[in-house]
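> got a predicted model here, sequence first, then my questions.
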Amino acid sequence: MRYLIAQFLILYCFLLSDIDSLGVLKGKLFSGKNQLPLAGANIFIKGTNLGTTSDENGEFIINNIFQGYYSVSASYIGYKKEIIADIWIRPKAYDYLNIILEPTLINLEGVSVQESYFKKSIS
């Protein structure tokens, strides 16, 4: 029984040590054209499955990030993707990023409209 309790205490200590090493990333996205906030922009931490979207004020929060250096990717339709490298995430702390995305043109291929093989009969 003592052996089981000792294993449980060791596991509990390891879990607590992981929680203590988590940090937070906060920030705000702006348009480079008019400095207005970008609502609904995508923000991802490269090399992880962590990400979020910005709120109506262009602000975002990503919680529970392990300590270390990361690259952050921000994108929004109609704007050039921005990658910020070497963001240091510290335990029990947060970093704040102000990200400016520059507008870009989206080139689409031409659209072709063709008549259907079957014709609709008018009665």
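Noted; the coordinates are in hand. Residues are numbered from 1 along each chain as shown.

> report the buried residues of the longest strand seen in the chain.
In the chain, with assignment by DSSP state E, the single longest strand is strand 22-31. Residues 22, 23, 24, 25, 27, 28, 29, 30, 31 are the ones in strand 22-31 that count as buried (16 or more other C-beta atoms under 10 Å). C-beta coordinates here come from the backbone N, C-alpha and C atoms, glycine included.

> tell me the contacts of the second one?
Listed by C-beta atoms under 8 Å, 6 or more residues apart in numbering, the contact partners of residue 23 are 65, 66, 67, 89, 90, 91, 92, 93, 94, 95.

> and what of the fourth one?
Taking C-beta under 8 Å, 6+ apart as the definition of contact, the neighbours of residue 25 are 45, 61, 62, 65, 72, 87, 89, 94, 95, 97.

> can you lay out those residues as TSV showing neighbour count and pLDDT?
Putting the contacts of residue 25 into TSV (neighbours: other C-beta atoms under 10 Å; pLDDT from 0 to 100) gives the following:
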residue	neighbour count	pLDDT
45	18	94
61	13	95
62	21	94
65	21	92
72	24	95
87	17	91
89	21	91
94	15	78
95	16	83
97	16	92
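
> great, nothing more from me.
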